[in-house]
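In: Provided below are the primary sequence and the corresponding predicted coordinates.
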Amino acid sequence: MISIKDAISIVKKNSSVLFEETTKRVEKSNGYILAKDVVSPIHMPPFRQSAMDGYALNLHNSLTYNLIGEIKAGDEHQPILKPGEAVRIFTGAAVPDTANAVMMQEKVTVNGNNLEIEHQIIEELNIRPLGEQVKIGETALKKGTKLNPAGIGYLTSLGITNVSVYRKPSIAIVTTGNELIEPGNELKHGQIYESNSKMLQSALYSLKFYDVTLHKVEDNYPNTVALLQSVIAKNDVVLITGGISVGDYDYVGKALTELQVEELFYKVKQKPGKPLFYGKKEKTSIFALPGNPAAALSCFYVYVYIALQTMMNRNTIELPRILATSTSKFIKRGDRPQFLKAIYKDSKVEILEGQNSSMLQTFALSNVLVFIPGDVTEVNINDEVEVILLPV
């Protein structure tokens, strides 16, 4: 049994970046990392653009102008303005080459074709210049940028439809156990509804990992070996829940040994999640998580999260940790460090009731895990504690 610190260190050491490139439609690239610089094919904006509703002016010494027309957003015509002439213009519309300022409509008086501005203005006021954001041939976004909704909108505004990104890991979730049945079926005595796969799939989706497949195997050794052999060969990451202990019908550990998976650690001095296995077979990472749901999810956030973020070449690979003031009292039994479900708000944290590793109700209310070191036996109200912020 190893320490949490050593377990995290081993996961970091044995996780590597997926440098395989793939092409994605821009609208489906959220959360991906750019594998190449994106060069702008156009100027943005592609023309001198009005920053507001108002009047485009060819400036002269007088405050009075002759109104000769109108330009709406999307209009292609380019009226030629002489000094002292103006056109009505709207936000986003193309400013004529012969106009050199836009006066906002609130500071203009119009009487028929006669227009009077309140005061003289400087050239290019309220005009977005050609290529203000980026010019044709310039780098729009650099290699290594993580794409987000704003980035997707930006690239789309440049007319870009496809981007080269680093491939995200493919992930298989395997659940084991004769007692597990799918929701929608009648629950017989001795059976429970299987929830770990949907829970882990949802956690992965929230982190924008979508290449996820779900698999189930009953407590049968040959079938366990066959399924694990298949998913290990096809995926970058395999998450197994249940069957890793040493009971008569826990076949996962034996199957992994038969498949020559390299054991990097098994069992961590922590609560919940002591029976955690981490191993590698060639480039595939295998995590055998505890079967108890709260323990499985805790291990996911503390260890699996690190492996996934490393594969994506993220700068931050661990969930943020901060200090907070406890509003609860908690007695810890035993010498194992513990991860506690809790609610954090305004620098204070409430440790919740119901910390059993099989219970998800408390986890469903939590937005943090409170970490209690092994040498701490008691948390009192107003004590400062370490808090792990869970993904929103």
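Out: That came through fine. Numbering: from 1, shown residues only.

In: rest of the way, CA atoms for contacts and neighbours
Out: Noted.

In: Surely Thr362 is within a helix?
Out: Yes: under DSSP: H, G, I helix; E, B strand; the rest coil, Thr362 falls within a helix.

In: can you tell me which residues contact Ser230?
Out: Taking C-alpha atoms under 8 Å, 6 or more residues apart in numbering as the definition of contact, Ser230 has no neighbours.

In: Quick check, Pro129 in contact with His43.
Out: No: contact criterion C-alpha atoms under 8 Å: Pro129 and His43 do not qualify, at 9.9 Å.

In: For Ile33, see how far away Lys24 is.
Out: Taking C-alpha to C-alpha, to the nearest Å as the measure, Lys24 falls 11 Å from Ile33.

In: same check, this time on Gly54
Out: The spacing between Gly54 and Ile33, counted by C-alpha to C-alpha, is 41 Å.

In: Neighbour count for the two, which is higher?
Out: Ile33 (24 against 20; other C-alpha atoms under 10 Å).

In: ok, the more buried one touching Gly151?
Out: No: between Ile33 and Gly151 there is no contact under C-alpha under 8 Å: 11.1 Å.

In: can you list the domains in the chain?
Out: 4-18+168-311, 21-42+139-166, 49-128, 321-389 (automatic domain parsing).

In: Mind listing the shared neighbours of Lys24 and Ile33?
Out: Val165.

In: May I see the buried residues of the longest helix along the chain?
Out: As assigned by DSSP state H, the longest helix anywhere in the chain is helix 221-234. Going by neighbour count (16 or more other C-alpha atoms under 10 Å), the buried part of helix 221-234 is Thr224, Val225, Leu228, Gln229, Val231, Ile232.

In: per-residue confidence for the third one?
Out: What that stands for is Leu228. Note for Leu228: predicted pLDDT of 97.

In: List the buried residues in stretch 281-299.
Out: In stretch 281-299, counting by 16+ other C-alpha under 10 Å, buried: 281, 284-299.

In: how about low-confidence regions in the stretch 101-250 of the chain?
Out: 245-249 (pLDDT under 70).

In: so where do the strands sit in it?
Out: 101-104, 108-111, 114-117, 127-128, 139-141, 162-166, 171-176, 180-181, 192-193, 212-217, 237-241 (DSSP state E, counting those that start in this stretch).

In: possible to save those strands as CSV with mean neighbour count and distance to Lys28?
Out: Listed next are these as CSV, based on neighbours: other C-alpha atoms under 10 Å; distance: least, C-alpha to C-alpha, whole Å:
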stretch, mean neighbour count, distance to Lys28
strand 101-104, 24, 38
strand 108-111, 13, 45
strand 114-117, 17, 48
strand 127-128, 21, 30
strand 139-141, 18, 17
strand 162-166, 21, 9
strand 171-176, 23, 18
strand 180-181, 18, 33
strand 192-193, 14, 33
strand 212-217, 16, 16
strand 237-241, 25, 22
